[in-house]
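S.K.: please find the sequence and the predicted model below.
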Amino acid sequence: MKLYEYEAKKVFDRMKIPIPKQYGVIHSLKDLDKLNIDFPVMLKSMVLSGGRGKAGGIKKANDLHEAKKLSEELFKLKIKGFPVESVLAEKAVDEISALYIGVTMDPADFNNVVIASSKGGVDIETVASKTPDAILKKEIPGNDKTLPKKIAEDLSTKLVKNLSGKKSLQKEIEDVISKLYETYQKFDARLCEINPLIITSKGLVAADAKLVLDDNSLYRQVELLEMLGIKEKRHDVSERTKNELKAQTSGFPYVDLLTEDHIKDKKKLYVGLVPGGAGYGIFSIDEVKTIGKRYFQDRVIPINFMDSGGGPPQNRVADMFHLLMDNETVDIIITSRFGGISSCDVFIRGMVQAILDRFESKRRMIPIYGRMVGTDLPSARAFLEKTYAENPEAMKNVKIVVGNQKIMADVIREGIKEAFESRGWKV
Ligand SMILES: Nc1ncnc2c1ncn2[C@@H]1O[C@H](COP(=O)(O)OP(=O)(O)OP(=O)(O)O)[C@@H](O)[C@H]1O
Ligand SMILES: [Mg+2]
């Protein structure tokens, strides 16, 4: 569960991590009159999404008149689909430098990890991708409740080295790193982050605060939730991609495995997956990746996870295919229907509906390879055969194996092979 910045700052304050003076959270312009502000003030959009600064959601005002004008602008803003309904007013501090410090868990080995950089701020993602050496990362094996002193000392010493003339800060940074780690542990967080940790002429200040709690541990955090006045578990809103939002509207779970700004590598084959269920979805990702590695020089990229849910209606199945065919990155679709609760007949009708719709309206079409077995197979087979006979042109790049004569791994491998050959790529 994500906390709002003002909530995370309450937690930081309790843990004695220095934060800017908090004037309050406003819900309307009138609320500003009630706050006793010592200008300049930072006005910060309270949405559960990152990248607020870049979206124009963080403003600095020098007097009340300006604060009202800027707040009015903020209240009209939507950040990554989230409307700004409240704004935090806090003291604007002077920035000499900005650090990044975060604690999270490495999902690969379940070790806690402390990440730090002397290049903090709104561009930390660019720093991480362009100059990864500027990011320090320290794995903390074991599940110590406090950070071993040596690690905090090492990290802070390295950070200070990059800040010439700021040696006196080392102890202060060490202290904040230790307290941040302690906060992460104490409140069962999945992520605990300060970006930026601002260096001012008077010392350090956590100008931003991010705290994501582990939903599975909320039952242990009754006191924390009470302190923050959170009565019910907040429905976890995460940042969704455009495809994920579309899928949500159509009523099926979907996850993009590539970032929205991914630049297509012309030497690779991008595979969209329409699996039968969540398990098959995960299997397909692994299988496409493994087959690509083993037989196709690791040039095959699965682009998505999705799940139709049990017994999906025909329109939903059609939407699943539309979503992938609308995605210019996707080169081919691999699909599998293992009909248990779900009907092969409904599945094939949904798929055909999408194909014929697109064929008639001349929308983008890409080859589909797949297999189906299970419930309602005979009627599904009959319908598919009829469709092939009546619409040979629309169906010419659709290859569905009906029945068990081929295992999915072979279907995937043959589909990829054909796609490679049609591009003149070596297999
Ligand atoms: N209290 C403050 N005083 C001075 N500058 C601030 C303050 N709060 C934020 N800033 C400046 O605004 C920038 C953006 O603020 P912040 O980090 O809170 O938002 P963000 O990083 O865009 O949001 P998110 O971290 O959610 O992506 C900071 O990098 C910092 O330079
Ligand atoms: Mg930030």
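M.R.: Received the coordinates, thanks. Ligands and ions are numbered 1, 2, ... in the order given.

S.K.: show me where pLDDT drops low in this structure?
M.R.: Along the chain, segments meeting pLDDT under 70 span 164-167, 235-239.

S.K.: name the residues of it found near ligand 1, please.
M.R.: Residues of the chain lying close to ligand 1 by C-beta under 6 Å from any ligand atom are 20, 42, 44, 50-54, 58, 90, 92-93, 95, 121-122, 195-196, 207-208. (Each C-beta comes from the backbone N, C-alpha and C, glycine too.)

S.K.: what about 8 Å?
M.R.: Counting by C-beta under 8 Å from any ligand atom, the chain comes close to ligand 1 at 5, 20, 42, 44, 49-55, 57-58, 60, 90-95, 98, 120-122, 193, 195-196, 198, 205, 207-208, 210.

S.K.: wait, residue 210 touches residue 8, no?
M.R.: Yes - at 6.1 Å, residue 210 and residue 8 qualify as touching, with contact defined as C-beta atoms under 8 Å.

S.K.: what about the two, which has more around it?
M.R.: Legend: neighbour count by other C-beta atoms under 10 Å for residue 210 and residue 8, higher for residue 8 (27 against 19).

S.K.: could you list every residue that touches the more buried one?
M.R.: Counting by C-beta atoms under 8 Å, 6 or more residues apart in numbering, residue 8 makes contact with 209-211.

S.K.: over to it: give its phi and psi.
M.R.: Main-chain dihedrals, residue 8, degrees, to the nearest 10: phi -60, psi -30.

S.K.: so how many other residues sit close to residue 98?
M.R.: Count around residue 98 with other C-beta under 10 Å applied: 21.

S.K.: ok, the helix or strand containing it near ligand 2 or not?
M.R.: Per DSSP states H and E: residue 98 is located in strand 97-105. No - using C-beta under 5 Å from the ion, strand 97-105 stays clear of ligand 2, with a minimum separation of 8.8 Å.

S.K.: what is the burial count for the residue nearest to residue 246 when sequence neighbours are not counted?
M.R.: Nearest residue to residue 246, sequence neighbours excluded (C-beta to C-beta, 6 or more residues apart in numbering): residue 323, at 5.9 Å. Other residues lying near residue 323 total 22 when counted by other C-beta under 10 Å.

S.K.: hang on, residue 323 packs against residue 244?
M.R.: No - using C-beta under 8 Å, residue 323 is not in contact with residue 244, being 9.8 Å away.

S.K.: from memory residue 316 sits against residue 350, does it?
M.R.: Yes - using C-beta under 8 Å, residue 316 is in contact with residue 350, at 7.0 Å.

S.K.: returning to what we had before: may I see the contacts of residue 8 arranged in TSV, with distance to ligand 2 and secondary structure as well?
M.R.: Output for the contacts of residue 8, formatted as TSV (distance: C-beta to the ion, whole Å; DSSP: H, G, I helix; E, B strand; the rest coil):
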residue	distance to ligand 2	secondary structure
209	9	coil
210	7	strand
211	13	strand
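
S.K.: the helix or strand where residue 154 lies - contacts with which helices or strands?
M.R.: Element membership for residue 154, per DSSP H and E: helix 149-161. In terms of contacts (3 or more C-beta pairs under 8 Å, 6 or more residues apart in numbering; DSSP states H and E), helix 149-161 is packed against strand 112-117, strand 136-140, helix 170-186.
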